[in-house]
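Novice: What follows is a predicted structure for the sequence shown.
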2 protein chains.
Amino acid sequence: MASDMRERILTAASRLFQNNGINATGVDTIVAEAGIAKMTLYKYFPAKEDLILEVIRQRSREFGAWLGNRLDTGARTPAKKLQLLFDAVEEWMATPQFSGLAFIEASVEFPQPESAVNQLSAELSAEFRDYITDLARQAGIRAPEALGMQLAMLIEGAVLSQQLSKNSADLEYAKQAARVLIKSAG
Amino acid sequence: MASDMRERILTAASRLFQNNGINATGVDTIVAEAGIAKMTLYKYFPAKEDLILEVIRQRSREFGAWLGNRLDTGARTPAKKLQLLFDAVEEWMATPQFSGLAFIEASVEFPQPESAVNQLSAELSAEFRDYITDLARQAGIRAPEALGMQLAMLIEGAVLSQQLSKNSADLEYAKQAARVLIKSAG
DNA sequence: AACCAGATATACAGACCTGTCTAATATACA
DNA sequence: TGTATATTAGACAGGTCTGTATATCTGGTT
């Protein structure tokens, strides 16, 4: 099936980008990993950049959907969802398909603001912040934007931490910090 | 002078790595930016990887020295230094030569644990955490490691934030979060 | 059975990459 | 002035990169 191919390419590219870096992963490597012909890749993605953009979009969508679902099923009120946030993030980081925050990695590898990859990263980063800020607003926090940004920064730092130090105690500290910040923001 | 050449190469490489990414910057570009011959670069740095490692080391050293000096001159007691930390980080981010946290960028571009660049990044990241943890310990914080990690994660998230959204309000939020966390950690 | 769209394998062009070699030039010092 | 040392310019080898072209094969439909 047609969408089957597309999915295989995206999956392979996502894994390779995560393990080796985006710029360090060649098209031939993606093709080999996906077990398809190079022409097929270029049929679905006219240029490597299109593939990069789609991988970032998909990984962000997946995380957003996972998180939204986890919070919806695990908590009723917005306030409880906010308190569940860091537990959910911890669970997500423990899943085997955890792969960092795509927009962070992409923005580091494509630092130029005029790059399409950088622009998309900035958009998705803002979306993520807005999502948490909305959560805080719905939970009745007095200064939702402040808390939203603080929690977002903490999550980004924790994800980086995890990948650098492989020390799972870090996330416990982040959770504790989130509790303190939420309580203080009232 | 000999050390002059070395310094010019490091300066040029640092700027290019920051603006375009590490893997996206070729040796020829560095040579042109530094205004030297390619052979000279390979005399001081036998391989590009040696240059990358030295750039990361130097940028981390510079930041560490700047921060240490700023805290020493701005505050007497360890407790006051801890309170000054985020103001200092804010000042550093406002300096023209601000270039992110080198070990974060490097670890994203070289994600494989067996890579020398990744290993150095992990070391420097741990050093940074230890520095803040020591600050917390000297300030008499009850759980210095917890607070140290929390502040480090917050700083890393704030630095990423700044580079992605260019919104300076983010750092104000981070400062506020740091105050809350320090107060709560007592 | 004949056809056809989609996928495959493979070679290729042209650009760029790292790292080396050589020959010419500049600089410092005796 | 003569000589060692450092730097330069530029070509080059060998490999990898993205993207294209071509020719073959496969599976489903009529």
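Specialist: Perfect, thanks for sending it.
Novice: can we go C-alpha only for contacts and neighbour counts from here?
Specialist: OK.
Novice: And the helix ranked longest in chain A, what's buried?
Specialist: If you go by DSSP state H, chain A has its longest helix at helix A:48-74. Using 16 or more other CA atoms under 10 Å in any protein chain shown as the test for burial, helix A:48-74 gives A:51-60, A:63, A:67-68, A:70-71.
Novice: what do you get for stretch A:101-114?
Specialist: Neighbour-count burial for stretch A:101-114, counted by 16+ other CA under 10 Å, picks out A:101-113.
Novice: coming back round to it: is chain B within reach of the longest helix of chain A?
Specialist: No: shown here: helix A:48-74 not in contact with chain B (CA under 8 Å from any CA of the partner chain), separated by at least 14.1 Å.
Novice: Is chain B within reach of the helix or strand that comes right after that helix?
Specialist: Next in sequence after helix A:48-74, counting helices and strands by DSSP states H and E, comes helix A:78-94. No: Helix A:78-94 lies apart from chain B when judged by CA under 8 Å from any CA; the minimum separation is 13.6 Å.
Novice: Could you do stretch A:130-140 as well?
Specialist: No: against chain B, stretch A:130-140 shows no contacts by CA under 8 Å from any CA, the least distance being 12.4 Å.
Novice: So which bits of that stretch are buried?
Specialist: A:130-137, A:139.
Novice: which of those lies closest to B:Ile36?
Specialist: Using CA to CA, A:Asp130 is the member of these that lies nearest B:Ile36, at 47.3 Å.
Novice: separation between the closest one and B:Lys48?
Specialist: In this view, A:Asp130 and B:Lys48 are 40 Å apart by CA to CA, to the nearest Å.
Novice: now, which of the buried residues of helix A:48-74 sits nearest DNA strand C?
Specialist: Proximity of the buried residues of helix A:48-74 to DNA strand C (CA to the nearest atom of the strand) peaks at A:Leu51, which lies at 15.8 Å.
Novice: Spatially, which residue comes closest to that closest one, not counting chain neighbours?
Specialist: A:Phe45 (5.7 Å; CA to CA, 6 or more residues apart in numbering or on different chains).
Novice: follow-up on the earlier one: could you give the angle of the longest helix of chain A to helix A:78-94?
Specialist: Calculated by axes from the mean of the first three to the mean of the last three CA atoms, to 10 degrees, helix A:48-74 forms an angle of 130 degrees with helix A:78-94.
Novice: counting contacts, what elements does helix A:48-74 pack onto?
Specialist: helix A:2-20, helix A:78-94, helix A:102-109, helix A:116-138 (3 or more CA pairs under 8 Å, 6 or more residues apart in numbering or on different chains; DSSP states H and E).
Novice: returning to what we had before: neighbours of the residue nearest to A:Leu51, just the number please.
Specialist: Counted by other CA atoms under 10 Å in any protein chain shown, the residues lying close to A:Phe45 total 16.
Novice: Can you check the pLDDT for it?
Specialist: Note on A:Phe45: pLDDT of 97.
Novice: Which residues of chain A lie near DNA strand D?
Specialist: A:23-28, A:38-39, A:42, A:46-49 (CA under 7 Å from any atom of the strand).
Novice: Would you list the buried entries among those?
Specialist: Judged by 16+ other CA under 10 Å, buried ones among the residues of chain A next to DNA strand D: A:23, A:27.
Novice: Please tabulate the residues of chain A next to DNA strand D in JSON lines, including the columns secondary structure.
Specialist: Output for the residues of chain A next to DNA strand D, formatted as JSON lines (DSSP: H, G, I helix; E, B strand; the rest coil):
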{"residue": "A:Asn23", "secondary structure": "coil"}
{"residue": "A:Ala24", "secondary structure": "coil"}
{"residue": "A:Thr25", "secondary structure": "coil"}
{"residue": "A:Gly26", "secondary structure": "coil"}
{"residue": "A:Val27", "secondary structure": "helix"}
{"residue": "A:Asp28", "secondary structure": "helix"}
{"residue": "A:Lys38", "secondary structure": "helix"}
{"residue": "A:Met39", "secondary structure": "helix"}
{"residue": "A:Tyr42", "secondary structure": "helix"}
{"residue": "A:Pro46", "secondary structure": "coil"}
{"residue": "A:Ala47", "secondary structure": "coil"}
{"residue": "A:Lys48", "secondary structure": "helix"}
{"residue": "A:Glu49", "secondary structure": "helix"}
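Novice: Touching, A:Pro113 and A:Gln119? I think so.
Specialist: Yes: look at A:Pro113 against A:Gln119 with CA atoms under 8 Å: they come within range, at 6.4 Å.
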